[in-house]
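Novice: below are the sequence and a predicted model for it; my questions follow.
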2 protein chains.
Amino acid sequence: MDPALHPDVEPIAFLLGTWQGEGQGEWPTSGPFRYGEEMTFEHEGKAFLLYSQRSWAAEERTPLHFERGFFRLASPGRVEVVLAHPLGIVEVAEGPLSGTAIDVVSTSMALTATGSPVTELRRWMEVQGDVLRYELLMAMRDVPLTRHLTGELRRA
Amino acid sequence: MDPALHPDVEPIAFLLGTWQGEGQGEWPTSGPFRYGEEMTFEHEGKAFLLYSQRSWAAEERTPLHFERGFFRLASPGRVEVVLAHPLGIVEVAEGPLSGTAIDVVSTSMALTATGSPVTELRRWMEVQGDVLRYELLMAMRDVPLTRHLTGELRRA
């Protein structure tokens, strides 16, 4: 039995569902690449959404990246995101919700002893009908904030 | 087609699977409570395990807590954990692996503007055959490190 949506997450209910599509990445040290991706936003009747992401190399279809975490609202117009990445990093990001667009910037990044030295992430996401477009900018210890990923997914 | 296990995670392959059982919690401001729980450790052929946890109140069966993240090894005897919690917090924890026992202590905690002020977490977990036992200690801004959760799960 599916629980009712918690009213606190109604402003971001447009994210709910499974989204599949493709993206392209670029990074100074690795050059351009293409990937397939799936994102899932679920709820459990609580005041947050559960988020899972997986991506794979477009050609080889081998796994590339995974993200797991939660989206919630600090207030009706402000989103909070907490994520773990298998690179040995965690991310706290916050920012405005404008209609069906989210623009969050990391307020804290933390890493394990052998974690990847990501110092900043900025995520823009927008849903229009059954299409979710996003852009992700990343900075690392030796690389200033750079556009890293651009993707377009469709509701499955 | 299931990918082969990455050799780097063989030392913690004993965690793989779905674990179900019960636990009991205590906390100065909330008193004792009982909960049901499910933990899942999966792999994708990469050098980390994907971890998901959910718990629910033993009586009402309403969701209590969720954790999502990744376990990996810094070296054959040292575990690194990165987790996101829906309370608006992220956790980086590290510590020794001794046989099939893990003892990790948070090295970083970070929270959103409205996140729960958890300042430290310590997790002990041990697998013996098809039983996983764990204990979790937690400190918050106003509460010193206190035993919070004790659970016993069986491989499903």
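Specialist: The structure has been received and is ready for your questions.

Novice: in three-state terms, label residue A:113 for me.
Specialist: What DSSP: H, G, I helix; E, B strand; the rest coil gives for residue A:113 is coil.

Novice: OK, contacts around it?
Specialist: Residue A:113 sits next to B:74, B:80, B:94, B:107 when contact means Cβ atoms under 8 Å, 6 or more residues apart in numbering or on different chains. Quick note: C-beta positions are derived from backbone N, CA and C, even for glycine.

Novice: now do 7 Å
Specialist: B:74, B:80, B:94 (Cβ atoms under 7 Å, 6 or more residues apart in numbering or on different chains).

Novice: do you know the pLDDT at it?
Specialist: With respect to pLDDT, residue A:113 has a value of 96.

Novice: what of residue A:1?
Specialist: We have a pLDDT of 64 for residue A:1.

Novice: against residue B:20, how distant is residue A:107?
Specialist: Residue A:107 sits 36 Å away from residue B:20, taking Cβ to Cβ, to the nearest Å as the criterion.

Novice: who has more neighbours out of these two?
Specialist: residue A:107 (17 against 14; other Cβ atoms under 10 Å in any protein chain shown).

Novice: pretty sure the more buried one sits against residue A:93.
Specialist: Yes: using Cβ atoms under 7 Å, residue A:107 makes contact with residue A:93 at a distance of 6.5 Å.

Novice: tell me the residues that contact both of the two, please.
Specialist: Counting by Cβ under 7 Å, 6+ apart, nothing touches both residue A:107 and residue A:93.

Novice: what bits of chain A have low per-residue confidence?
Specialist: Scanning chain A for pLDDT under 70 picks out A:1.

Novice: residue A:10 and residue A:71, how far apart?
Specialist: On the measure of Cβ to Cβ, residue A:10 and residue A:71 end up 13 Å apart.

Novice: of the two, which one has the most company?
Specialist: Comparing residue A:10 with residue A:71 by neighbour count (other Cβ under 10 Å), the higher total belongs to residue A:71, at 24 against 11.

Novice: ok, the residue positioned nearest the centre of chain A to chain B distance?
Specialist: Taking Cα atoms, centre = their mean, the centroid of chain A lies closest to residue A:123, which sits 6.6 Å from it. According to Cβ to the nearest Cβ, to the nearest Å, residue A:123 and chain B sit 14 Å apart.

Novice: which residues pair with that residue across the strands?
Specialist: residue A:104, residue A:136 (DSSP bridges).

Novice: could you check how far it is from residue A:23?
Specialist: 13 Å.

Novice: so which bits of chain A are right by chain B?
Specialist: Residues of chain A lying close to chain B (Cβ under 7 Å from any Cβ of the partner chain) are A:44-46, A:48, A:50, A:63, A:66, A:68-70, A:72, A:74, A:80, A:82-86, A:88-92, A:94, A:108, A:110-114.

Novice: narrow those to those that are buried.
Specialist: Buried subset of the residues of chain A next to chain B (neighbour count, 16 or more other Cβ atoms under 10 Å in any protein chain shown): A:44, A:46, A:48, A:50, A:63, A:66, A:68-70, A:72, A:74, A:80, A:82-86, A:88-92, A:94, A:108, A:110-112.

Novice: now, those that are in strands?
Specialist: The members of those that map onto strands under DSSP state E are A:50, A:63, A:66, A:68-70, A:72, A:74, A:80, A:82-85, A:89-92, A:94, A:108, A:110-111.

Novice: tell me, how many residues neighbour residue A:144?
Specialist: By other Cβ under 10 Å, the residues close to residue A:144 number 11.

Novice: and it, that one's in a helix?
Specialist: No: according to three-state DSSP, residue A:144 belongs to no helix; its state is strand.

Novice: can you give me the distance of it to residue B:7?
Specialist: In terms of Cβ to Cβ, residue A:144 sits 36 Å off from residue B:7.

Novice: ok, residue A:66 next?
Specialist: Residue A:66 is 19 Å from residue B:7, by Cβ to Cβ.

Novice: likewise for residue A:96?
Specialist: 45 Å.

Novice: please apply the same query to residue A:76.
Specialist: 48 Å.

Novice: how about residue A:115, what does it touch?
Specialist: Residue A:115 sits next to A:87, A:88, A:89 when contact means Cβ under 7 Å, 6+ apart.

Novice: include distance to residue A:40 when you put these into JSON lines, please.
Specialist: Converted to JSON lines, the contacts of residue A:115 look like this (distance: Cβ to Cβ, whole Å):
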{"residue": "A:87", "distance to residue A:40": "20"}
{"residue": "A:88", "distance to residue A:40": "23"}
{"residue": "A:89", "distance to residue A:40": "21"}
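
Novice: closest to residue B:135 among these?
Specialist: When these are compared for distance to residue B:135 (Cβ to Cβ), residue A:88 wins out at 24.0 Å.
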